[in-house]
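>>> Using only what follows, build the 3D model:
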Amino acid sequence: MTMLMNWDPNFSHEASMTWIDLGAFNVALGFWIDNITVVMLVVVALISSMTHIFSLEYMKGDIRYNRYFAYLGLFTFSMNGIV
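Just a heads-up that it's a prediction; the model follows:
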């Protein structure tokens with residue numbers, strides 16, 4: 001939220017680390033955050049929060065209640081990872 005209040009059009013942050021190091025074979029894991037990333041993370045968080053809240057009543061009494069929320073949480077996590 002601070003990012004949205006203190007809008008800097010040139011903001012960018014990058015971080016990475018070596019995940020696997022096997023001599024000549026290296027795999028790096030990292031992320032890059034800029035203005036559009038912050039906006040999209042807020043959008044995904046708001047929509048997934050509304051979906052979770054709606055689903056509480058919609059799925060009440062269903063025998064697959066726990067499985068549904070496990071999949072929904074996994075989907076939300078994946079969506080944030082893609083953004």
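>>> Which strands and helices lie in contact with the host helix or strand of Ser48?
Here Ser48, judged by DSSP states H and E, is contained in helix 35-58. Other helices and strands packing on helix 35-58, by 3 or more Cβ pairs under 8 Å, 6 or more residues apart in numbering; DSSP states H and E, are helix 2-5, helix 65-82. Using the backbone N, CA and C atoms, a C-beta is placed for each residue, glycine as well.
>>> can you pull the buried residues of that helix?
Neighbour-count burial for helix 35-58 flags Thr37, Val38, Ser48 (criterion: 16 or more other Cβ atoms under 10 Å).
>>> Show me which of those is closest to Asn6.
For the buried residues of helix 35-58, the minimum distance to Asn6 (Cβ to Cβ) is 10.9 Å, reached by Val38.
>>> Which pLDDT does the model give the residue nearest to Ala45 when sequence neighbours are not counted?
Among residues not flanking Ala45 along the chain, Asn80 sits closest, at 7.6 Å (Cβ to Cβ, 6 or more residues apart in numbering). Turning to Asn80, the model gives it a pLDDT of 86.
>>> what's near enough to touch Asn80?
Leu41, Val44, Ala45 (Cβ atoms under 8 Å, 6 or more residues apart in numbering).
>>> Could I get these in TSV, plus columns for distance to Thr18 and pLDDT?
Output for these, formatted as TSV (distance: Cβ to Cβ, whole Å; pLDDT from 0 to 100):
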residue	distance to Thr18	pLDDT
Leu41	25	88
Val44	28	91
Ala45	30	91
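>>> and of the residues you listed, the nearest to His52?
Ala45 (10.5 Å).
>>> Can you tell me the centre-most residue of the protein?
By Cα atoms, centre = their mean, the chain has its centre lying nearest to Asn80, at 1.6 Å.
>>> Distance check, it against Ser16.
From Asn80 across to Ser16, the span is 18 Å (Cβ to Cβ, to the nearest Å).
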